[in-house]
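A.B. asks: One predicted model, sequence on top.
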Amino acid sequence: MSAPDLAAVAFAQQIDSPRQSQAASQTREQESLGLLLGFLGVVIFAATLPLTRLAVPSLGPEFLTAARALIAGLIAAGVLLAARRPLPRRQFPRLAVAALCLAAGFPAFSSFAMRTLPAAHGGVIVGVLPLATAVVAALIARERPSLSFWVCAVLGALLVGGFALRQGGGALQWGDGLLLLAIASAALGYTLSGQLSREIPARDVISWIVVLALPLSAPLTFLYRPAEPALVPLFAWGCLAYLGAMSMYLGFFAWNAGMALGGVARVSQTQLAQPFITIGLSALLLGERIDAETVVFAALVVGLVFVGRRQRVTAAR
């Protein structure tokens, strides 16, 4: 190769190297932003069970389930109309399934479970959700977590599962079964919404999910409305407003965007911290006791989240 050719190759390498470095830096920044947005969503979702526990005695699980979906759906309808967003027809089947899971399945099962379970106990059971989401993501979204990633996920699930058993006297309660159904619904819904957020804006995903639920949520809200609305405590209405506007709608803005940027399986690991945020809020809002055992389990799970987020996850292409 002549000297001019060598010089040309060297010049090309000098041009390509900064581009490759810049692309790698942008990828890392996207993953970090995805994890941050995912954690923000987790903090919003962490208040769901304590506030549901507060509101259920006054509003009932049926009305609470339907009304929170109605609130989210009405807000979302306004957003979609203002933005003039057309219905994504190609994604409609997956949006419909996600609506069934996130606007009906999880709220209904968790609301009925909160009739008998403490919010802190429920928060720990829901700690298996990241593992369930990672499993569904591997099957549906075709993500390929590494073995070390799976080890962290399984250990985290075993930790929160053992914690739940200890708190339940060595046995699962009926409400635990309802929460497992809630977890299955949420895992599928989260995976589908995260997958859809790679194809259409995350805002549109959750907006269409709750709008598609309106034909069901609106009549059920009217059917199960309180007989004496004036007698319902103000704090119960406040809980309902949060559950509809934040837990069922705005929280998904951050959550879906985070999964789209950082990958469903990886970002879902941030939910391992959710049970312990929920426990803290349960103590603050409901006066539930937090003992040393809870603190130890929280520290172990947070440690696994710290390790797990650094394991390799190959995204679907």
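C.D. replies: Sure, I can see it.
A.B. asks: Correct me if wrong: residue 286 contacts residue 119.
C.D. replies: Yes - between residue 286 and residue 119 there is a contact under CB atoms under 8 Å: 5.9 Å. (Each C-beta comes from the backbone N, C-alpha and C, glycine too.)
A.B. asks: between these two, what contacts are shared?
C.D. replies: 50, 53 (CB atoms under 8 Å, 6 or more residues apart in numbering).
A.B. asks: who does the helix or strand containing residue 124 touch, helix- and strand-wise?
C.D. replies: Element membership of residue 124, judged by DSSP states H and E, is helix 119-125. Applying 3 or more CB pairs under 8 Å, 6 or more residues apart in numbering; DSSP states H and E, we find helix 119-125 packed against helix 48-59, helix 147-167, helix 174-196, helix 274-286.
A.B. asks: neighbouring contacts of the last one?
C.D. replies: Helix 274-286 is touched from outside by 42-43, 45-51, 53-54, 118-120, 122-127, 129, 160, 288-290, 294, 297-298, 301-302, with contacts defined as CB under 8 Å, 6+ apart.
A.B. asks: Correct me if wrong: residue 69 contacts residue 104.
C.D. replies: Yes - in this structure, residue 69 is within contact of residue 104 by CB under 8 Å, at 7.1 Å.
A.B. asks: what's the overlap in contacts for those two?
C.D. replies: 213, 216.
A.B. asks: For those two, indicate the residue with more neighbours.
C.D. replies: Comparing residue 69 with residue 104 by other CB atoms under 10 Å, the one with more neighbours is residue 69, at 29 against 19.
A.B. asks: Which residue comes closest to the more buried one once chain neighbours are left out?
C.D. replies: residue 217 (3.8 Å; CB to CB, 6 or more residues apart in numbering).
A.B. asks: check contacts around that neighbour.
C.D. replies: Counting by CB under 8 Å, 6+ apart, residue 217 has contacts 66, 67, 69, 70, 73, 103, 210.
A.B. asks: Next: residue 193.
C.D. replies: By CB under 8 Å, 6+ apart, the contact list for residue 193 reads 98, 102, 205, 206, 209, 252, 255, 256, 259.
A.B. asks: Is it possible to get JSON lines of these that adds distance to residue 229?
C.D. replies: Listed next are these as JSON lines, based on distance: CB to CB, whole Å:
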{"residue": "98", "distance to residue 229": "31"}
{"residue": "102", "distance to residue 229": "27"}
{"residue": "205", "distance to residue 229": "33"}
{"residue": "206", "distance to residue 229": "28"}
{"residue": "209", "distance to residue 229": "28"}
{"residue": "252", "distance to residue 229": "28"}
{"residue": "255", "distance to residue 229": "32"}
{"residue": "256", "distance to residue 229": "33"}
{"residue": "259", "distance to residue 229": "38"}
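A.B. asks: Can you name the helix or strand that the residue lying closest to residue 157 once chain neighbours are set aside falls in?
C.D. replies: Distances taken as CB to CB, 6+ apart put residue 131 closest to residue 157, at 4.1 Å, once the chain neighbours are dropped. Using DSSP H and E, residue 131 sits in helix 129-136.
A.B. asks: so what secondary structure elements neighbour that helix?
C.D. replies: So helix 129-136, by 3+ CB pairs under 8 Å, 6+ apart, packs with helix 147-167, helix 174-196, helix 264-268.
A.B. asks: Of all those, which one comes closest to residue 93?
C.D. replies: Closest to residue 93 of these is helix 174-196 (CB to CB; 9.8 Å).
A.B. asks: Please identify the buried residues of that closest one?
C.D. replies: Within helix 174-196, the residues scored as buried using 16 or more other CB atoms under 10 Å are 175-176, 178-196.
A.B. asks: Now do that helix and helix 129-136, the angle between them.
C.D. replies: 50 degrees (axes from the mean of the first three to the mean of the last three CA atoms, to 10 degrees).
A.B. asks: chain center to helix 174-196, what's the gap?
C.D. replies: Centroid separation between helix 174-196 and its chain, computed with CA atoms, centre = their mean, to the nearest Å, is 9 Å.
A.B. asks: Over to stretch 96-106?
C.D. replies: The chain centroid and the centroid of stretch 96-106 are separated by 13 Å, computed with CA atoms, centre = their mean.
A.B. asks: Pull out the buried positions in it.
C.D. replies: Buried-residue list, stretch 96-106, by 16+ other CB under 10 Å: 98, 99, 100, 101, 102, 103, 104, 105, 106.
A.B. asks: check contacts around the fourth one.
C.D. replies: Looking back up the chat, that one is residue 101. 185, 186, 188, 189, 192.
A.B. asks: again, only this time at 10 Å
C.D. replies: The contact partners of residue 101, by CB atoms under 10 Å, 6 or more residues apart in numbering, come to 182, 184, 185, 186, 187, 188, 189, 190, 191, 192, 193, 209.
A.B. asks: Look up phi and psi at the residue nearest to the fourth one when sequence neighbours are not counted.
C.D. replies: Closest residue to residue 186 apart from its sequence neighbours, by CB to CB, 6+ apart: residue 106 at 4.5 Å. For residue 106, the backbone dihedrals (degrees, to the nearest 10) come out as phi -60, psi -50.
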